[in-house]
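Enquirer: any chance you could fold what I've pasted below:
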Amino acid sequence: MRKVAVVLFVMAMVLMASPAYAQAGEAAAPAFGNWSLSAIGLGIAVALAAIGQGRVASAACEGMARNPAARPAIQLSLILGLAFIESLVLFMWVMVFLRGQ
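Expert: Residues are numbered from 1 along each chain as shown. Okay, here's the model as predicted:
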């Protein structure tokens, strides 16, 4: 429950920070387009991936501690799982830059 509260708190801070950069009076044209939604999406993807990677590593360490004989299979699954989680973040990063064009 605490992790959910931390994630919600971080998301609230990200959403509340964008009005701080609002301009008063005449609004100048943004130099790089509207990146705020893309940045929020990337931030959420990174935050959730970090939580997922932590849980995967924790479960792998626990599994290796309980059954040391299964270490090679658990280690292979750990590396594959971390690679898949990280690839999702990289795909999100590519989507952000494709959307910005």
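Enquirer: centroid-nearest residue for the chain?
Expert: Closest to where the C-alpha atoms of the chain average out (CA atoms, centre = their mean) is Val46, at 1.2 Å.
Enquirer: which stretches of this protein have low pLDDT?
Expert: Regions of the chain meeting the criterion pLDDT under 70 cover residues 12-35, 100-101.
Enquirer: for Val89, which non-adjacent residue is closest in space?
Expert: Of all residues not flanking Val89 in the chain, Ala49 sits nearest, at 4.6 Å (CB to CB, 6 or more residues apart in numbering). The way it works is simple: take the backbone N, C-alpha and C, and place the C-beta from them, glycine included.
Enquirer: run a quick neighbour tally on that neighbour.
Expert: A total of 18 residues lie near Ala49 under the criterion other CB atoms under 10 Å.
Enquirer: just checking, the residue nearest to the centre of the chain touches Leu88?
Expert: No. Counting by CB atoms under 8 Å, Val46 stays clear of Leu88, with 10.1 Å between them.
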